[in-house]
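[1] Could you look at this predicted model? Sequence included:
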Amino acid sequence: MSNEKAKKILYTAAFLIWSAIVLSTFYITQRPLFFQVIGGILATAWAITLTLLLLINSAGIGNFFFERISPKISVHEKLILGTGFGLGVFGFLGYGLAAMGFANIPTLLIILFVILFWLLLSKRYREVWDGFVSLAGSFALNKKEVPAWLPPAIAMTTALGFFFALLPPAEGFDGLFYHLALPERLLADKAILPYAIPQFWFPSLIEGDFIWALGLGSERTAQLIHWSFSLLMFALVWEWARTMLGSKAAWWSLAVLASMPSLPWLASWAYSDMALTFYGLAALYTIWKWIDENPKWLILSGMFAGLAMGIKYTSFVLPVFCILIILSFGKNLASRFTTIISYSATALLAASPWYIRNWIFMGNPFYPFAFGGRSWDSFQSEWYAGNGTGIGWNPLELIFLPFNIMMGHRDQNFFDGRIGPFFLLLIPLAVWALWKKRSTPENKALLILTAFSLLNYLIWTYGVIQTDHLWQARLLWPGLIPLAIPIGFGVTLLSDFDLPRFRISFTFAVLFGLVVMVTLLDNSLSLIARGPSQYAFGMELRQAYFQRMQPQYTAALKLVESTPPDAFIYFLFEPRSYNMPHKVHPDPINNNLLHDFYLFEDVNLVINDWKSQGYTHILVFTPGVDDRFTNSYSLVLPFLQLENEDGDYKLYSIK
């Protein structure tokens, strides 16, 4: 090598080293914002990408399944119903993998990309894409039939839910309680363990979907999955109303949904209500198709009813109602009997994994209801039932119950279930729609939707008479949302009452638009206050967001983190346990303390039991210590050493 070439290499190396020193010094000290937020941007991109991957794979699985069932099905139905079916498959698969200890990152990714590769290889993705393009195109047709504000309002409602879903899961109480806490525990344990937490034994199909989100490091994907079910629900309402009653009725049906203040909020949380509503609506839609079309639609209806039964116990009303439909529209007695057997078998098969799980691990397929079971006794059962609402059978209270629902008065979770004014305001139009279509083929569908809503309302009413725990308007949603179709069609009939000098249809459209605009503005301001872009682009840390929006739970997280790594913390009056840094046992129905005294009576025996179970610390949510607990709490305090406190929480070690 010549001296000249060696010098060039030396000078080049020196310059590169000097460049590295200067640039690294600059960027270490200056720290450009982009380098600070890149992690947050990538996390958001992964959450959206993972959601799309799950949805595309679900649509492909559903497309394959419906092709094999082969009812006369449109591309829209195949996309909407098929995607819902595919998400159900992922729910079973996710929970099963976690229960066997196989839900690790490599396994989950391999499964997702193998399915995606199959879609590409089989060219099935083209059918999925064509269905999506066709469905999206149907929204562009006949928009001139409705006010100009209506389509953008629908789009904005769904967009608000999407942006809410990009926030951390700080405000969804039940998500922190069990919808996210259960899959988190299952992933950590790599097995099903018999925790004495009754909510962990509710049917867990959607928690199985959330396994994919948490297992692949994206808790926001869990929220986006739930939001995706709201899109499927919107799409099915649109498709059913459009094909049966026309685009105008379909747009107004969606407008009724857009008027619900809580819909974007609830859709964006890691809950199960949107999935339950979609599967219920799908079961009603498919059994309606069965009445006049291919009998294979009955299999689909039973399957969707079974998937709904895999989400919440309260879904029992759905298969019961569908059996009543079979009894009403079956050809003859023998045919009705065999059809009911076939339908019930399909629904039970789809629902059975969760009930078999409960039977094996907790000794009761409906744990903790009906037959009790492991770690459950009469004291627990009575406590869980709660106190009566005070309504009784007072006729005046029952008459005003719909108004109380609309106002959110006495609701256990006000923000979760605000339904807005239009369901109550427009019920007369739904009745008018039934009357107008009484002798037409559409009457069957309108009657099914209205009767299902009425049955759900009656059962919910009976529940709130019995216990204040069921006074939650969002529990009405699976029965209430199908009513949007009769109501939406009823709105189109308002022109029947127009007068030459006063068009009630125009006046109402303006009024409706104003209410929807106020609802959207209110939710938009709430969204702005939470700053989803700040978090989505990494400019606000997750811990900072929790501290800002959920300071109480943040205090609990900090106190648990302050304990030694091998600590085992027993919670009093705190049901939530998601993302706790150390091992904890929550207080799922806020009666841990009283139940322990019920079992052991003597305080020394209570303390000995705590120690025998390995508890090292006690975390107390002090506002929960009301008059019912004061005596028991004072008895255990001498056996505890105060270690730390933060806000409403106190952390004790057991002496």
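    Yep, that arrived.
[2] alpha carbons only for contacts and neighbour counts from here, please
    OK.
[3] Kindly report the domain assignment for the chain.
    3-30, 36-271, 272-359, 550-654 (automatic domain parsing).
[4] for the ones you listed, which one sits closest to Leu494?
    Ranking the domains of the chain by proximity to Leu494 (Cα to Cα) places domain 36-271 first, at 11.6 Å.
[5] Find the helix or strand that the residue lying closest to Phe321 once chain neighbours are set aside is a member of.
    In this structure, Phe321 finds its nearest non-sequential neighbour in Phe452, 7.0 Å apart by Cα to Cα, 6 or more residues apart in numbering. Phe452 is part of helix 442-466 when elements are defined by DSSP states H and E.
[6] what pLDDT, on average, does that helix get?
    The pLDDT scores in helix 442-466 average 89.
[7] rewinding a little: okay if I get the domains of the chain as CSV plus distance to Asn394?
    Converted to CSV, the domains of the chain look like this (distance: least, Cα to Cα, whole Å):
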stretch, distance to Asn394
domain 3-30, 70
domain 36-271, 29
domain 272-359, 25
domain 550-654, 29
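[8] which stretches of the stretch 201-350 of the chain aren't confidently modelled?
    Scanning the stretch 201-350 of the chain for pLDDT under 70 picks out nothing.
[9] Tell me where it has helices.
    Using DSSP state H, counting those that start in this stretch, the helices of the stretch 201-350 of the chain run over 205-215, 219-245, 247-258, 263-268, 273-292, 297-309, 317-329, 333-362.
[10] Then the stretch 401-550 of the chain?
    422-436, 442-466, 477-480, 484-492, 504-530, 532-536, 542-549.
[11] So which of the ones you listed is nearest Pro198?
    Taking the helices of the stretch 401-550 of the chain one by one with Cα to Cα, helix 442-466 is closest: 19.0 Å.
[12] on that earlier part again, the residue nearest to Phe321 and Pro482, how far apart?
    Distance, Phe452 to Pro482, by Cα to Cα, to the nearest Å: 8 Å.
[13] Who has more neighbours out of the two?
    Neighbours per residue (other Cα atoms under 10 Å) separate Phe452 from Pro482, with Pro482 holding more: 27 against 24.
[14] if I pick the more buried one, what's in contact with it?
    237, 281, 449-450, 453 (Cα atoms under 8 Å, 6 or more residues apart in numbering).
[15] Neighbour-wise, give me the winner out of those.
    Busiest of these [other Cα under 10 Å] is Leu281, holding 27 neighbours.
[16] show me what contacts it?
    Residues near Leu281 by Cα under 8 Å, 6+ apart: 233, 236, 478, 482.
[17] In a markdown table, list the residues you listed along with distance to Glu184.
    Below are the contacts of Leu281 laid out as a markdown table (distance: Cα to Cα, whole Å):
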| residue | distance to Glu184 |
| --- | --- |
| Met233 | 27 |
| Leu236 | 31 |
| Pro478 | 27 |
| Pro482 | 33 |
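[18] Pull the most distant pair out of these.
    Leu236 and Pro478 (13.5 Å).
[19] tell me, what's touching these two both at once?
    By Cα under 8 Å, 6+ apart, the residues touching both Leu236 and Pro478 are 278, 281.
[20] so where is the chain shaky, pLDDT-wise?
    Applying pLDDT under 70 to the chain flags the ranges 1-2, 23, 26-36, 387-392, 414.
[21] can you tell me which helix in it is longest?
    With secondary structure taken from DSSP state H, the chain has its longest helix at helix 33-69.
[22] Pull out the buried positions in that one.
    In terms of neighbour count (16 or more other Cα atoms under 10 Å), helix 33-69 has its buried residues at 37, 40-41, 43-44, 46-48, 50-64, 66.
[23] Also stretch 139-150?
    Residues of stretch 139-150 classed as buried under the neighbour-count rule (16+ other Cα under 10 Å) are 139, 146, 150.
[24] ok, now stretch 107-120?
    For stretch 107-120, burial by neighbour count (16+ other Cα under 10 Å) applies to 108-109, 112, 115-116, 119.
[25] Give me the more crowded residue out of Leu236 and Pro478.
    Shown here are Leu236 and Pro478; by other Cα under 10 Å, Pro478 has more neighbours (24 against 21).
[26] ok, that one - contacts?
    273-274, 276-278, 280-281.
[27] Just give me the closest of those residues to Gln380.
    Asp273 (25.7 Å).
[28] what's the neighbour count on the closest one?
    For Asp273, the neighbour count with other Cα under 10 Å is 23.
[29] Could you tell me how far it is located from Trp477?
    Going from Asp273 to Trp477 by Cα to Cα gives 8 Å.
[30] go on, Phe210?
    Using Cα to Cα, Phe210 is found at 22 Å from Trp477.
[31] More neighbours: which of the two?
    Legend: neighbour count by other Cα under 10 Å for Phe210 and Trp477, higher for Phe210 (32 against 21).
[32] Contact partners for the more buried one?
    91, 94, 180, 183, 219, 221-222, 225.
[33] ok, which pair from the residues you listed is furthest apart?
    Based on Cα to Cα, the longest span within these runs between Gly91 and Glu219 and measures 15.4 Å.
[34] neighbouring contacts of stretch 517-531?
    By Cα under 8 Å, 6+ apart, stretch 517-531 touches 153, 156-157, 160, 163-164, 259-261, 264, 549.
[35] ok, these vs Lys436, which is closest?
    Nearest to Lys436 among the contacts of stretch 517-531, counting by Cα to Cα, is Ser259 at 24.9 Å.
[36] burial of the closest residue in space to the closest one that isn't next to it in sequence, as a residue count?
    Distances taken as Cα to Cα, 6+ apart put Val516 closest to Ser259, at 5.1 Å, once the chain neighbours are dropped. Val516 has 25 neighbours, counted by other Cα under 10 Å.
[37] repeat for Ala20
    By the criterion of other Cα under 10 Å, Ala20 has 12 neighbours.
[38] With Leu520 instead?
    Neighbour count for Leu520, taken as other Cα under 10 Å: 22.
[39] how far away is it from Met260?
    Remark: distance between Leu520 and Met260 (Cα to Cα) = 10 Å.
[40] Tyr313 too?
    Taking Cα to Cα, one finds Tyr313 at 25 Å from Met260.
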